[in-house]
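K.L.:
with the input below, show me the fold.
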Amino acid sequence: MSDGANDASDDTDDASDGREQPITAHDPAAHDWPVIESVAEYETGWYTGGYDLVEQPDGSTKKYYWAELPPAVVVVAVADGSVVMVEQFRPTIRETCLELPAGIVEDGETYTEAGARELAEETGFAPAGTALLESFDCSTGVLRHERGIVWAEGLAPVERKLDGNEFINVHAVPVEDALAVARSEPANDATMEGVLLAREEGLL
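P.N.:
This next block holds a predicted model:
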């Protein structure tokens, strides 16, 4: 990781022009195992599901099923010695979760741009500085889905802009309690990842 994270600036290292680039879609053909056919079987509006019929190294073929989701961003934001977290009910697991702010990266956005927007919309805090801590693929056995972890600081209050399905309470969790909260049931993978990465970088 570059020193840009510790600087908490909007600029991040990139081989081309020194700035973080907008997120691009996966290219399912960019690999060594030939794809005989790629079939999208259903579209939910939230994700696409389907399979690739792939020729394996021994010459046999197999269907590998996948779900494709847009990239997401998770934000580790700190103010006055506390990590900003959001409490919301997750109907998928029927649990109320205390987690880091997160959301989908919109077309043309970088992770840091999406992180700043999601933080402001969900929590009512706009950051003065952001930095990409890490980006990676999630659940690679079944998902085509990228996630970026963004650090944010220098928070200033702004008006929240919640979506119609967002019923969110904002919490300030002391930095020293953040990991324990992240590990508490129901534990959230993205929240643990964000807290651990920020702590590893010496930011928490």
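K.L.:
please count neighbours and contacts with C-alpha atoms only from this point.
P.N.:
Fine.
K.L.:
which residue lies farthest from the center of the chain?
P.N.:
residue 59 (36.5 Å; CA atoms, centre = their mean).
K.L.:
looking at this, it is in a helix?
P.N.:
No - judged by DSSP: H, G, I helix; E, B strand; the rest coil, residue 59 forms no part of a helix; its state is coil.
K.L.:
so the protein: which segments form each domain?
P.N.:
The chain is divided into the following domains under automatic domain parsing: 4-10+69-200, 35-68.
K.L.:
same list, the ones you listed, but as TSV with mean pLDDT and distance to residue 22 please.
P.N.:
Putting the domains of the chain into TSV (pLDDT from 0 to 100; distance: least, CA to CA, whole Å) gives the following:
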stretch	mean pLDDT	distance to residue 22
domain 4-10+69-200	93	4
domain 35-68	95	18
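K.L.:
so can I have a markdown table of the ones you listed showing distance to residue 20?
P.N.:
Output for these, formatted as a markdown table (distance: least, CA to CA, whole Å):
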| stretch | distance to residue 20 |
| --- | --- |
| domain 4-10+69-200 | 6 |
| domain 35-68 | 23 |
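K.L.:
and these: which comes nearest residue 21?
P.N.:
Smallest distance to residue 21 across these (CA to CA): 5.8 Å, for domain 4-10+69-200.
K.L.:
rewinding a little: so which of the domains of the chain is the most surrounded?
P.N.:
Mean neighbour count, computed with mean count of other CA atoms under 10 Å, is highest for domain 4-10+69-200 among the domains of the chain, reaching a mean of 19.
K.L.:
what's the spacing between that one and its chain's center?
P.N.:
Centroid separation between domain 4-10+69-200 and its chain, computed with CA atoms, centre = their mean, to the nearest Å, is 7 Å.
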